[in-house]
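Chemist: Sequence first, then the predicted structure:
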Amino acid sequence: MRKTLSVLFLVAACGSDAEPEASDAMADCTVDSRAEAYAPGMQAMAPDGTRLVLVSAEPGPPVRFDNTWTVQALGADGEPLAVTDLRVEPFMPDHGHGTPEPPEPVAAGEPGRYQMGPFDLWMPGIWQLHFSMEHGETTSTATLSFCIEE
């Protein structure tokens, strides 16, 4: 009887079609096509042609834990965009969560320029930063996607 229960336990444990859960130690997002290679001046394009430029990142490239960014909103014509409200939502698509405290962008001089941070990208893996820019009567959305390594 004991042998039969052991065999049933092993079959039940190994016989699942479910995918194994990925752990942080197994995650290697450096080869993930969703991650954009960091470069000063990289841009997130919105469907309406407006874009958000990553002017500076401290540290650069973005890392696990605290990051501070300066971003610039540009119109479809490439000119600075007068944004009345900028919201940022960091999100880990593979884990289904964001950060405990999303960054609150603060106006930084010229129209459409904001500084945000420090904000905490606290886990390794793919992070998407979803930006929502209100300008005039329009809301434009754009996303930057990064690999945060161990």
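Modeler: On my side now, so go ahead.

Chemist: So for this structure, which residue is the most central one in space?
Modeler: residue 128 (2.0 Å; CA atoms, centre = their mean).

Chemist: Any idea how far the helix or strand where it lies is from the middle of the chain?
Modeler: Following DSSP states H and E, one finds residue 128 within strand 125-135. Centroid displacement of strand 125-135 relative to its chain, using CA atoms, centre = their mean, to the nearest Å, is 7 Å.

Chemist: ok, the helix or strand just after that strand: who's next to it in the sheet?
Modeler: Using DSSP H and E, the helix or strand that follows strand 125-135 towards the C-terminus is strand 138-148. Paired with strand 138-148 in the same sheet, following DSSP bridges, are strand 125-135 (antiparallel).

Chemist: any idea of the mean pLDDT for the partner strand?
Modeler: Taken as a whole, strand 125-135 carries a mean pLDDT of 96.

Chemist: who's in contact with that strand?
Modeler: Outside strand 125-135, the residues within contact range by CB atoms under 8 Å, 6 or more residues apart in numbering are 24, 27, 29, 32, 34-35, 44, 46, 50, 52, 62, 71, 73, 75, 81-95, 121, 139-148. Just so you know, the C-beta spots here come from the backbone N, C-alpha and C atoms, and that holds for glycine as well.
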